[in-house]
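# build me a structure from this.
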Amino acid sequence: MKLLLFIQIHFYRLLSFFIPKKKAKIENSVLYLAAFFPENAGYHWRVKLWAELLEKENYKVDVLHALNEKEFYEYSKNSALFMFRFLNIRFWQILKARKFKTVIVRREILLFNEYGNMFLEKMLRRFCSNLILDFDDDLSASKKQPKKINSLYAKLLLENGNSFRESLKYYDKFIVGSQYLKEYVITHSNIKEKNIEIIPTCVDYDKYPAKIYKFDKKHIFTFGWIGGDHNYHLLQDIIPVLNNLSKDYKFKLLVIGGKKFEAKTNFEIDFRKWSLKTEIEDLMDIDVGLMPLKNNETSKGKGGFKLLQYMGLGIVGVAFNLTINKEIVTNYENSFLYSDNEELFLILSQILSNKFNLKNIGKKAKENIEKNYTFTANKVKYIDFIKNEDL
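Got it, this is the predicted structure:
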């Protein structure tokens with residue numbers, strides 16, 4: 001399979017030089033190149049719902065993804081096979097980009113593949129005059145780039161050890177999830193500030209009433225966490241705090257994720273597998289949502305979406321005091337921020353001691369999200385940005 005991947009990359013790379021541009025393009029047309037499959041949360045919140053909104057505004061929109069959910073996880077067992085299949089599909093999808101006025105790449109063109117010296121970015125650059133990169137995480141930090149390329153195989157496949165940062169120069173504009181990521185683009189590219197728009201990962205919880213805080217004697221207070229299992233290590237970091245807290249208070253932890261979350265605890269863990277269909281119902285069972293992070297570059301680049309989900313439903317959030325979380329939360333007014341585990345313990349113990357009116361805090365949280373972090377609130381800004389090719 002590694003040999004096939006080698007042949008494929010160099011064949012497609014050579015072929016890319018001979019493909020002509022397509023001059024005639026459909027007016028008000030947008031192509032999304034989605035990183036993940038339709039059942040993925042990022043696909044839903046940063047691609048699908050925006051695509052549907054644009055269609056209502058009479059745009060011609062197409063959304064392309066490379067692998068469905070079953071294929072994604074099946075091929076992930078063999079990295080070379082995954083790269084081979086993903087690249088094969090993505091190459092031909094990029095040819096379709098020639099028909100569209102605007103192309104929005106979600107996160108990156110290829111996943112888990114820095115081979116080929118960025119020939120797909122270069123090819124797409126030739127085809128599109130309004131090329132936009134949309135991302136809400138610092139992918140360079142999460143990939144631990146820049147990194148040295150030492151393996152002979154990687155060198156033969158033209159692996160780029162700083163692919164995300166170097167990809168920035170091929171885009172005309174950027175839609176980023178936070179002020180931190182905007183500053184990241186400015187620092188690592190020659191792009192003008194006006195060509196970068198901050199669009200948070202929006203929620204559409206307008207139709208849902210705020211969380212009802214009404215406890216009876218049978219109710220067990222519930223802390224909650226939602227996210228991918230690749231981030232379970234962040235939740236593990238605060239398990240000692242919760243164990244210490246459980247010496248004096250009764251509560252449980254509701255975890256909504258992928259693989260089952262397991263930890264040594266002195267309290268009950270209620271695990272529920274994430275599904276878009278049950279997400280709202282599960283979130284509503286949370287009394288206080290947790291968003292632990294580390295004070296590192298990867299965490300600084302996160303988009304705060306857990307917090308937006310909690311607060312958008314009127315659920316009080318408790319989040320690490322970092323970058324976008326500080327923009328979302330007015331501390332002790334519409335949710336809480338903490339800077340270390342000692343402060344986290346204090347806040348959670350005060351919550352469990354009924355020191356705060358969670359109903360009022362949750363109401364203010366929902367009002368803040370509806371005003372600043374919904375599709376309705378960001379619609380005009382989003383459409384104006386993608387349609388304006390003269391920025």
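# what sits against the spatially closest residue to residue 248 that is not a sequence neighbour?
Of all residues not flanking residue 248 in the chain, residue 349 sits nearest, at 7.4 Å (CB to CB, 6 or more residues apart in numbering). Placement of C-beta: from N, CA and C, glycine included. Neighbour list for residue 349: 245, 248, 249 [criterion: CB atoms under 8 Å, 6 or more residues apart in numbering].
# show me the strands in this structure, by range?
Taking DSSP state E, the strands of the chain run over residues 26-33, 60-64, 100-106, 131-135, 173-176, 196-198, 222-226, 252-257, 268-273, 288-291, 316-320, 336-338.
# now those strands as TSV including mean neighbour count and distance to residue 367?
Converted to TSV, the strands of the chain look like this (neighbours: other CB atoms under 10 Å; distance: least, CB to CB, whole Å):
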stretch	mean neighbour count	distance to residue 367
strand 26-33	18	31
strand 60-64	17	31
strand 100-106	23	30
strand 131-135	22	27
strand 173-176	23	25
strand 196-198	20	20
strand 222-226	22	21
strand 252-257	21	24
strand 268-273	14	28
strand 288-291	27	17
strand 316-320	26	13
strand 336-338	23	17
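# next, format the ones you listed as a markdown table and append distance to residue 18.
Converted to a markdown table, the strands of the chain look like this (distance: least, CB to CB, whole Å):
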| stretch | distance to residue 18 |
| --- | --- |
| strand 26-33 | 22 |
| strand 60-64 | 22 |
| strand 100-106 | 21 |
| strand 131-135 | 21 |
| strand 173-176 | 28 |
| strand 196-198 | 34 |
| strand 222-226 | 47 |
| strand 252-257 | 46 |
| strand 268-273 | 47 |
| strand 288-291 | 49 |
| strand 316-320 | 50 |
| strand 336-338 | 55 |
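# between the ones you listed, which one is closest to residue 42.
Proximity to residue 42 (CB to CB) singles out strand 100-106 among the strands of the chain, at 7.2 Å.
# direction included, what does that closest one pair up with?
Using DSSP bridges, the strands paired with strand 100-106 are strand 26-33 (parallel), strand 131-135 (parallel).
# export the first one to CSV, keeping only CA atoms.
When you say that, I think you mean strand 26-33. Provided in CSV are the C-alpha atoms of strand 26-33 (Å, rounded to 0.1, in the frame of the first residue of the first chain):
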residue,chain,number,x,y,z
ILE,A,26,-21.8,30.0,-11.9
GLU,A,27,-22.6,33.3,-10.2
ASN,A,28,-23.4,33.2,-6.5
SER,A,29,-22.0,29.6,-6.2
VAL,A,30,-20.2,28.1,-3.3
LEU,A,31,-18.4,24.8,-2.9
TYR,A,32,-17.6,23.5,0.5
LEU,A,33,-14.8,20.9,0.8
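# what's the angle from that strand to strand 60-64?
Put simply, strand 26-33 runs at 20 degrees to strand 60-64, going by axes from the mean of the first three to the mean of the last three CA atoms, to 10 degrees.
# which residues touch strand 26-33?
So strand 26-33 is in contact with 47, 50-51, 54, 58-64, 90, 93-94, 96-97, 99-106, 109, 386-387, going by CB under 8 Å, 6+ apart.
# which ones are touching residue 299?
By CB under 8 Å, 6+ apart, the neighbours of residue 299 are 234, 293, 320, 322, 323.
# got JSON lines for those, with distance to residue 174 and pLDDT too?
What follows is the contacts of residue 299, written out as JSON lines (distance: CB to CB, whole Å; pLDDT from 0 to 100):
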{"residue": "234", "distance to residue 174": "26", "pLDDT": "97"}
{"residue": "293", "distance to residue 174": "23", "pLDDT": "96"}
{"residue": "320", "distance to residue 174": "25", "pLDDT": "98"}
{"residue": "322", "distance to residue 174": "21", "pLDDT": "94"}
{"residue": "323", "distance to residue 174": "17", "pLDDT": "91"}
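# if you rank those by neighbours, which is first?
The most crowded member of the contacts of residue 299 is residue 320, carrying 25 neighbours; neighbours defined as other CB atoms under 10 Å.
# gap between the nearest residue to that residue once chain neighbours are set aside and residue 302?
Excluding the flanking residues, the one nearest residue 320 by CB to CB, 6+ apart is residue 293, at 3.9 Å. Distance, residue 293 to residue 302, by CB to CB, to the nearest Å: 7 Å.
# same deal with residue 308?
Residue 308 is 11 Å from residue 302, by CB to CB.
# check the burial of residue 90 by counting its neighbours.
Residues near residue 90, counting by other CB under 10 Å: 21.
# now do the contacts for it.
33, 66, 109, 110, 120 are the contacts of residue 90 under CB under 8 Å, 6+ apart.
# could you do residue 182 as well?
174, 176, 193, 196, 198.
# just to revisit the earlier point, show me the one of the strands paired with strand 100-106 that comes nearest residue 169.
Using CB to CB, the strands paired with strand 100-106 put strand 131-135 closest to residue 169, at 10.7 Å.
# picking that back up, which two from the contacts of residue 90 end up farthest apart in space?
66 and 120 (11.7 Å).
# name the residues of the longest helix along the chain that are buried.
Secondary structure of the chain per DSSP state H: the longest helix is helix 79-96. For helix 79-96, a neighbour-count test (16 or more other CB atoms under 10 Å) marks 81, 82, 83, 84, 85, 86, 87, 90, 91, 93, 94 as buried.
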